[in-house]
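Trainee: A structural model of the following input is requested.
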Amino acid sequence: MRARGGGLAARGVRALGARPTLWPAAFGALRRLAPQRWWRRPPFLPVPDAAYWRFRMETAYGNDAPGRPSAEDIVDYLRWCQRSRPRPR
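Mentor: Model (predicted):
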């Protein structure tokens, strides 16, 4: 259940590469999950805090699950974000 795993980032990038309509949702999710002033602390990447990531993975997958979302989970989450976003009037 690591937030800084390169495998998760690679799965996310591959899953989004063929779905440009989800890119705005992905950037929005990244912005919401990134800690404030992330550029001032190592690893100088907008990755969520490890404790927060563990909490999110446990609430999503439970205690016994590996806690690493699949590419399909990432796409489903971003589609949900896209549908949930308020629409301009």
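Trainee: would you check how far apart the closest residue to residue 71 other than its chain neighbours and residue 74 are?
Mentor: The shortest distance from residue 71 to any residue other than its chain neighbours is 3.8 Å, reached at residue 15 (CB to CB, 6 or more residues apart in numbering). In short, each C-beta sits where N, CA and C put it, glycine included. Note on residue 15: its distance to residue 74, by CB to CB, to the nearest Å, is 5 Å.
Trainee: now do residue 44
Mentor: 23 Å.
Trainee: CA atoms only for the lowest-mean-pLDDT helix or strand in the chain - export them in CSV, please.
Mentor: In the chain, no helix or strand scores lower on mean pLDDT, DSSP states H and E than helix 6-17, which sits at a mean of 80. Listed next in CSV are the C-alpha coordinates belonging to helix 6-17 (Å, rounded to 0.1, in the frame of the first residue of the first chain):
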residue,chain,number,x,y,z
GLY,A,6,6.2,3.7,-9.7
GLY,A,7,4.0,0.9,-10.8
LEU,A,8,0.8,2.7,-9.9
ALA,A,9,1.9,5.8,-11.8
ALA,A,10,2.9,3.7,-14.8
ARG,A,11,-0.5,1.9,-14.8
GLY,A,12,-2.3,5.3,-14.5
VAL,A,13,-0.4,6.8,-17.4
ARG,A,14,-1.0,3.8,-19.6
ALA,A,15,-4.7,3.7,-18.7
LEU,A,16,-5.1,7.4,-19.6
GLY,A,17,-3.0,7.4,-22.7
